[in-house]
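> can you look at this prediction? I've put the sequence above it.
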There are 2 protein chains.
Amino acid sequence: MNIGEIAKRSGVSRSTVSYALSGKRPVSEETRRRIQAVIDELGYRPNAVAKALKEGRTHTIGLVIPPAGRRLTDMQLGFVASVVDAAARADLDVLLSPSGGEHDRSFERVVGSRRVDGVVVMEIRLEDDRVTRLRETGLPFVGIGRTARPEEMSWVDIDYETLISRCVHHLADLGHRRIALVNRSAELVAAGYGPGHRAQAGFARAVAERGLESVQTCCADDAQSGMSCVERLLAEHPGLTAVATINEAAVPGMYHALAQAGLSVPRDFSIAGVAAQDWAENLHPPLTAADVPADELGAQAVEMLIQLIADPATPHRHVLVAPPISLRGTTAPARSHDPLH
Amino acid sequence: MNIGEIAKRSGVSRSTVSYALSGKRPVSEETRRRIQAVIDELGYRPNAVAKALKEGRTHTIGLVIPPAGRRLTDMQLGFVASVVDAAARADLDVLLSPSGGEHDRSFERVVGSRRVDGVVVMEIRLEDDRVTRLRETGLPFVGIGRTARPEEMSWVDIDYETLISRCVHHLADLGHRRIALVNRSAELVAAGYGPGHRAQAGFARAVAERGLESVQTCCADDAQSGMSCVERLLAEHPGLTAVATINEAAVPGMYHALAQAGLSVPRDFSIAGVAAQDWAENLHPPLTAADVPADELGAQAVEMLIQLIADPATPHRHVLVAPPISLRGTTAPARSHDPLH
DNA sequence: ATCCGATGTCGAATCGGTTCGCATGAACAT
DNA sequence: ATGTTCATGCGAACCGATTCGACATCGGAT
């Protein structure tokens, strides 16, 4: 059932049907009704592919997510959900591309053959081939995360450096003197994952400012790894009383390892981190953390992308958020420095 | 940069370029090389939209997921990941459609206007408008889940009825006499969510077979609700010693409520359920549960869909899985019936 | 009676590919 | 010299929409 069929059955030309539907030129009431009747009867819907070819717009955006194999963190899920949601509100469809590995046929299919009007890219590295490729193609894109040369693109990002620094200061204020940073996986950090590096920088800075003893470690994004990570930390660094982390997925495992070791959170051990708000709230005990507004960030990325699609000459915009730390149930004064003892 | 441009620069016709690329007709080695050189120089990639229009195939499948607002359960995420993954392996892209609410413009855009070659639909209701609509359009589709008339469509599904029944028998074997079923949210069940109803049926059957006292309750898909749900159950049903559940997202909250009530799992209280394997394993204590192979099911759905796309006359296929219950850390003999007391 | 501007509709071109039928020319057989 | 075959490549039609320029009709003004 194409537009020609509708035209034939209503006794008008194809262009008239098109104008009747789009309203871009006047069509008499009489004709419009006849056309509409035929359309309703046949359940006709214009072919989106043909429309896209003619208009040069697909009304679809690409969403580049970390490879499907790896499990997404709660925060990443928050991004995906909010991007999909914001896109739907703007009548845009979302084409998923699990990429970031090596071969990346999916990425090339989506980006190379003009299937989409623009792209949102997640989990950007400091040096990122996908960003290079996107810039080559001239396709509008927005990063959730930024490269080592952030002025060259539009992005929204979380200021992990500031946030981890704040976590450390918060813990230091509570009297903790030996603090560990639990980063995300070693591979990710080695691959130049920005947040990992910026967290290290913020941690190092704050630790120096407060003259603390410190240790940094990487940890895969799951409970098991969080558990063994904390076990190792406790064994190797006896005086440790607190952890700052950007690895939300590891937190449940950390809780468990601490409980196993006979340490109560927050009485004996404090944890402060960066996490999606509802994740932090739903943990037991609820995590003291900087609440990342994943919804807003995803929505903002889509909004920026829509603007870029409308006018590719729009100057790059950058949104860097550093939400305040919500004090919940995982930080308390260090016991060994408790003035009452 | 379109195919005409390539043709012009290599001094051949557009059709020759097309044949050189597709190999559907012989092209002399000499000509092919010249064309390839131009293509490489200009970085030309055929426009997927034009190709789709001509071929009548978009090489894209739709994935209908529960509305973005609601948080997806771990099992649902497993389905999404495996569908995306399987599609990528088959060189198919995935268009996301968060649907199931009322307005559903997204669903209609994806399904109505031939943007996709086929659709995978998640979270199917016993009576499901989307299924009706899909059948109307004639678009190939596969359900993850099934309606009240399952023979009318292709699907993969989990045999919740059998699985919950097995959970009850397992608990009964351990001596539990008062068992609760914790279902998913009341709205979902009221809306005719199949697994909710089938779980009820399996529960009722097994409970009757074993002559147990029982109670059924619904619970939203999050830790908070799991907590208040168990608090309520404990208050209203004093002799309760075990729960069977299909609500994996509520389990952490249930653990917490039980701990608050001074009950140790599994010593004082048992839980058996249906859940994604890695989720069940990563909980503390790890959940005794039927391990749903989300990866396989998603992959199988995609495979069935690909078959249907290739030949729409393929008869409907049905895959119903009932994985065995993995005994982990949340079920133990009932204490009140312990022969030693 | 003529001209004018709306108003409503049509035909043709276009987007960027694919594919079918045919033409060209060289090689080979008769 | 003529006919046949095969390898190549060209031109045109087509997929299903949008959009531009042109045209017909008609009421109103001159």
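Sure thing, it's come through.

> does the spatially most central residue of chain A sit in a helix or strand, and which one?
In chain A, the residue lying closest to the centroid (CA atoms, centre = their mean) is residue A:79, at 4.0 Å. Using DSSP states H and E, residue A:79 falls within helix A:74-89.

> which residues are in contact with that helix?
The contact list for helix A:74-89 (CB atoms under 8 Å, 6 or more residues apart in numbering or on different chains) reads A:61, A:63, A:65-66, A:72, A:93-94, A:120, A:122-123, A:144, A:248-249, A:275-276, A:278-279, A:292, A:294-299, A:301-303, B:68-69, B:71-72, B:77, B:96, B:98, B:105-106. Any C-beta I mention is one placed from the backbone N, CA and C, and that applies to glycine too.

> list the buried residues of that helix.
For helix A:74-89, burial by neighbour count (16 or more other CB atoms under 10 Å in any protein chain shown) applies to A:74-88.

> measure stretch A:55-65 end to end?
The first residue of stretch A:55-65 is 28 Å away from its last residue (CA to CA, to the nearest Å).

> over to stretch A:99-113?
Span of stretch A:99-113 from end to end, CA to CA: 16 Å.

> and it, does that touch DNA strand C?
No - counting by CB under 7 Å from any atom of the strand, DNA strand C has no neighbours in stretch A:99-113; the shortest distance is 8.0 Å.

> what about the strands in the stretch 51-200 of chain A?
Remark: strands assigned in the stretch 51-200 of chain A by DSSP state E, counting those that start in this stretch are A:60-65, A:93-98, A:118-122, A:141-144, A:154-158, A:178-182.

> looking at those, spot the one closest to DNA strand C.
When the strands of the stretch 51-200 of chain A are compared by CB to the nearest atom of the strand, strand A:60-65 sits nearest DNA strand C, at 16.1 Å.

> what packs against that closest one?
Applying 3 or more CB pairs under 8 Å, 6 or more residues apart in numbering or on different chains; DSSP states H and E, one finds that strand A:60-65 contacts helix A:74-89, strand A:93-98, helix A:105-112, strand A:118-122.

> and that strand, how far from the chain's centre?
Mean C-alpha position of strand A:60-65 versus that of the full chain (CA atoms, centre = their mean, to the nearest Å) differs by 12 Å.

> so what strands line up beside that strand?
Here strand A:60-65 is paired, per DSSP bridges, with strand A:93-98 (parallel), strand A:118-122 (parallel).

> what angle separates it from helix B:105-112?
Note on geometry: by axes from the mean of the first three to the mean of the last three CA atoms, to 10 degrees, strand A:60-65 and helix B:105-112 are set 110 degrees apart in direction.

> what's in contact with strand A:60-65?
Residues from elsewhere that reach strand A:60-65 (CB under 8 Å, 6+ apart): A:72, A:76, A:80, A:83-84, A:87, A:92-100, A:107, A:110-111, A:115-123, A:130, A:302, A:305, B:95-96, B:115.

> stretch A:34-48 too?
A:1-3, A:5-6, A:9-12, A:16-17, A:20-21, A:27, A:59, B:53, B:108-109, B:112-115, B:136.

> pull the number of nearby residues for residue A:152.
For residue A:152, the neighbour count with other CB atoms under 10 Å in any protein chain shown is 13.

> just checking, it touches residue A:135?
Yes - counting by CB atoms under 8 Å, residue A:152 does reach residue A:135; the two are 7.4 Å apart.

> related to what we said a few turns ago, need the buried ones from the contacts of helix A:74-89 selected in PyMOL.
Buried members of the contacts of helix A:74-89 can be picked out in PyMOL with the line below, counting by 16+ other CB under 10 Å:
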select buried, (chain A and resi 61+63+65+66+72+93+94+120+122+123+144+248+249+275+276+278+279+292+294+295+296+297+298+299+301+302+303) or (chain B and resi 68+71+72+77+96+98+106)
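
> what segments of chain A are helices?
Ranges of helices within chain A are A:3-10, A:14-22, A:29-42, A:48-55, A:74-89, A:105-112, A:129-137, A:160-173, A:186-190, A:194-210, A:223-236, A:251-260, A:277-282, A:294-310, based on DSSP state H.

> can you name the residue of the stretch 51-200 of chain A nearest to DNA strand C?
Ranked by CB to the nearest atom of the strand, the top residue of the stretch 51-200 of chain A for proximity to DNA strand C is residue A:54, at 3.6 Å.

> and stretch A:261-275, how far from the chain's centre?
In terms of CA atoms, centre = their mean, the gap separating the centre of stretch A:261-275 from the centre of its chain is 26 Å.

> measure residue A:132 to residue A:153 for me?
From residue A:132 across to residue A:153, the span is 10 Å (CB to CB, to the nearest Å).
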